[in-house]
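Asker: just to be clear, the model below is a prediction. Sequence and coordinates:
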Amino acid sequence: DGKVPKTFQNSLVHLGLSTMKSANICIGRPVLLTSLEGKQEVYTAWPVAGFPGGKVGLSEVAQKNVGVRAGDAIRVQPLVGAVLQAQEMDLALSDKDREINEEELTSCILRKLDGKIVLPGNFLYCTFYGRLCKLQVLQVKGADGMVLGRPQSDSDTSAQGMTFEQSSMENSNLDMSFQLSQLHLDEPQSPASRSTPCKPVDDKFINKANDISLDITQNFGDGSGLELEGSTALKCSFESSREGNKQVINEERLLKSSSTGGKCNTDTFYFISSTTRINLTKSCTNSKEQDNPFKVTYDMIGGLSSQLKAIREIIELPLKQPELFKSYGIPAPRGVLLYGPPGTGKTMIARAIANEVGAYVSVINGPEIISKFYGETEAKLRYIFAEATLRHPSIIFIDELDALCPKREGAQNEVEKRVVASLLTLMDGIGSEGSEGQVLVLGATNRPQALDAALRRPGRFDKEIEIGVPNAQDRLDILQKLLQRVPHLLTEAELLQLANSAHGYVGADLKALCNEAGLCALRRVLRKQPVLPDSKVAGLVKITLNDFLQGMNDIRPSAMREVAIDVPNVSWSDIGGLENIKLKLKQAVEWPLKHPESFTRMGIQPPKGVLLYGPPGCSKTMIAKALANESGLNFLAIKGPELMNKYVGESERAVREIFRKARALAPSIIFVDELDALAVERGSSLGAGNVADRVLAQLLTEMDGIEQLKDVTILAATNRPDRIDKALMRPGRIDRIIYVPLPDAATRREIFNLQFHAMPISNEVDLDELILQTHTYSGAENKSRAIVL
């Protein structure tokens, strides 16, 4: 095989030298294969050193074309008739390949299948830009004027054959180097011993799972071929009469299959040449996909009504009414960029547009078109834009645009720069061939800051639409759309409660939450009645609010996964006393979320920051834990010193990342413990390149800068407020400064009651005396004193 080019290995039939000699088959000459079902194919005979006589080796593709498997019988005949050039050939193209440029595919077929002998009804495989294309031969017209059509028996199964599955065969054959079988068989038997059992073979000659190994008996009917029988007789101990009957039956089936509509080895055959004219037709075999009831439409998208309205105005009007834009002299937009966090519905919107607009849609998944060959990536881009121009009105959707067009100054290699330059040139050329307004580029990314700046100017991506994190009303709309076809028992009030509590959940998170709730409902029903049949279980499974609440424990917002903070199970009742402080925190954090209309009506701005200060051990951090648990908001906890980094600029970047995540998870709480270590007064830090001053400046800018901080509350704790910079303590940044004092007598009594609740206490313990003795103790010291007792 090493001496045979990979391009031709897929059309080889491996035979032993003794087999080729007995069947009058020449090296490198075509042979006709005929299966028991009458399927035929022409391949090239090739000898293999040491290959045992009476065996044949077929590639996996050859087995599929002829329709045989290990143990099947097959007939091999050398071609003795004329082999002429095919003047014209009709090929059927599968639906998955219908967007391929027909001219380039035709050139690829003529180049890679030059010399291939074709039979109507059979399939051809051709690798086109790393993609395995499957085509069916419908009709062949020879140079002698003869026209061969597809057999009548193939007409009913052609649709099924075109919708083949991409199995391991396709994945392993992209370079057309097919793995051939290693086969072993006995020598052909003489006519006198045709009904005798075969000679046993050693175990090492047993074929592999994907090999086809076939028995050979001499065909004395016409002396021009071999009849092959399945290798079930390798280690047989059958009686002579049973073996003889089996071979006679197989011979009769092979003779019948070759005489009923099939071609004979003496007929005229036709091969593909460089001058063959190829006509490609598209098969209509995916009617089920076209009528798919689950295809994405505008009605299935929830929470994005304003964005959908803007997108439809930008995209549908130029495509449907281009003359209107020309009459007013308004240039139609060439590109629309959708950006936002992952899971918000950018790709789903593009799919809905493709299904609703009715235009030709070409999809580019950023990294897919990158090729290792020089210039091939740019060629693919040019082909896609040329195809879209020819088939206007059309939409080119580029998903993960940041992977295809990053900033050129930060490019790792020259390929990225060339791809960006090619895309810029192609987008500038839209409309130059009379298709202005009829071709539109739709891009999607969750990292718009990583795109090349030249791509985002007007004339290329004219409009940029943010697909942001949904608010409570949008989440309610999404849940209603997701639960339209799902049996559930949730009322409108429960749906509203669920939407209000799902802070920071995007559309993908809500869909995962619905799936998890369905699994919870299914487990609940199966736990009660585990032996019910599936038909009855389906009618009993209905999702309830408890299923959703249980699912929310497992499904967290996508943006929270990189933060990975376990909110402690601390409630207000676990904190003794401090009722006034608890009320102030509820007013600052919970009330703006529960009663936003009241704040709007009265013109009150919710506080942006709350500072808890007081002596050590007075429950400042515990209050923050209880607030995070009781409010149900997304909670991001950072410790002052952990943001510091030895590299210049990394500390400020860490502050920006914290606030970016908080905005994506809004409404959320950022808890900064030991604020005095992070926001030290400017000018007091020595050395380290004034990193503390730069971090403080970044913190001040994030809290009250040009970009507004909305639905994000800063909760800080410190026991050294005198060290904090005064710019941070002003209203607009830290609006509420709450002093957490040492516990008074009532608070200490409550603390001891909470500690003694789960402890066996002797009657000799005088609680009043204990309260008097600890009048200068903090909460943490009181807890320790209770444990020591």
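Answerer: That came in fine, so what should we check first? Numbers count the residues shown, from 1 in each chain.
Asker: pLDDT averaged over the strand or helix carrying E750 - what is it?
Answerer: Assigned by DSSP states H and E, E750 belongs to helix 745-756. Mean pLDDT, helix 745-756: 77.
Asker: could you say what helices and strands the helix or strand that comes right after that helix packs with?
Answerer: Past helix 745-756, heading to the C-terminal end, the next element that is a helix or strand (DSSP H and E) is helix 767-773. For helix 767-773, the packing partners by 3 or more CB pairs under 8 Å, 6 or more residues apart in numbering; DSSP states H and E come out as helix 745-756. Quick note: C-beta positions are derived from backbone N, CA and C, even for glycine.
Asker: give the buried residues for the helix it packs on.
Answerer: Judged by neighbour count (16 or more other CB atoms under 10 Å), helix 745-756 contains these buried residues: T747, R748, R749, E750, I751, F752, Q755.
Asker: what segments of the stretch 401-550 of the chain are helices?
Answerer: Counting by DSSP state H, counting those that start in this stretch, the stretch 401-550 of the chain has helices at residues 401-404, 414-428, 472-482, 492-501, 507-528, 534-540, 545-552.
Asker: one more: the stretch 201-350 of the chain?
Answerer: With DSSP H, counting those that start in this stretch as the criterion, the stretch 201-350 of the chain has helices at 240-259, 287-290, 305-320, 322-328, 346-357.
Asker: ranking these by mean pLDDT, which is last?
Answerer: Looking at the helices of the stretch 201-350 of the chain, the lowest mean pLDDT belongs to helix 287-290 (a mean of 40).
Asker: now N279, nearest residue through space, not along the chain?
Answerer: D90 (4.8 Å; CB to CB, 6 or more residues apart in numbering).
Asker: repeat that for Q605.
Answerer: In space, and not counting its chain neighbours, Q605 is closest to F599: 7.6 Å by CB to CB, 6+ apart.
Asker: separation between that neighbour and A49?
Answerer: Distance, F599 to A49, by CB to CB, to the nearest Å: 88 Å.
Asker: of the two, who's got more company?
Answerer: Here F599 and A49 are set side by side on neighbour count (other CB atoms under 10 Å), and the busier one is F599, at 14 against 6.
Asker: quick revisit: so which elements touch the helix holding E750?
Answerer: helix 767-773, helix 779-788.
Asker: lowest mean pLDDT across those helices, which one is that?
Answerer: Among those, helix 779-788 scores lowest, with a mean of 65.
Asker: now name the helix or strand holding V61.
Answerer: Element membership of V61, judged by DSSP H and E, is helix 60-66.
Asker: tell me how far that helix lies from the chain's centre.
Answerer: 31 Å (CA atoms, centre = their mean, to the nearest Å).
Asker: who does the next helix or strand after that helix pair up with?
Answerer: Later in the chain than helix 60-66, the nearest helix or strand by DSSP H and E is strand 74-78. Here strand 74-78 has these sheet partners by DSSP bridges: strand 30-35 (antiparallel), strand 226-230 (antiparallel).
Asker: list the buried ones in the helix or strand just after strand 74-78?
Answerer: Remark: after strand 74-78, the chain's next helix or strand is strand 83-93, criterion DSSP H and E. For strand 83-93, the neighbour count (16+ other CB under 10 Å) marks V83, A86, Q87, M89, D90, L91, A92, L93 as buried.
Asker: okay, the residues you listed in JSON lines with pLDDT and distance to Q136 next?
Answerer: Shown next, in JSON lines, are the buried residues of strand 83-93 (pLDDT from 0 to 100; distance: CB to CB, whole Å):
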{"residue": "V83", "pLDDT": "87", "distance to Q136": "22"}
{"residue": "A86", "pLDDT": "88", "distance to Q136": "15"}
{"residue": "Q87", "pLDDT": "87", "distance to Q136": "19"}
{"residue": "M89", "pLDDT": "87", "distance to Q136": "11"}
{"residue": "D90", "pLDDT": "88", "distance to Q136": "9"}
{"residue": "L91", "pLDDT": "87", "distance to Q136": "7"}
{"residue": "A92", "pLDDT": "86", "distance to Q136": "4"}
{"residue": "L93", "pLDDT": "80", "distance to Q136": "9"}
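Asker: that older thread, so what's the residue nearest to N279 bridging to?
Answerer: Q139, N279.
Asker: how much space is there between it and V137?
Answerer: From D90 to V137 the distance is 8 Å (CB to CB).
Asker: same check on I724?
Answerer: Distance from I724 to V137, by CB to CB: 81 Å.
Asker: likewise G632?
Answerer: 65 Å.
Asker: who has more neighbours out of those two?
Answerer: Using other CB under 10 Å, the more surrounded residue of G632 and V137 is V137, with 22 against 16.
Asker: tell me the secondary structure at that one.
Answerer: At V137 the chain is in strand, as set by DSSP: H, G, I helix; E, B strand; the rest coil.
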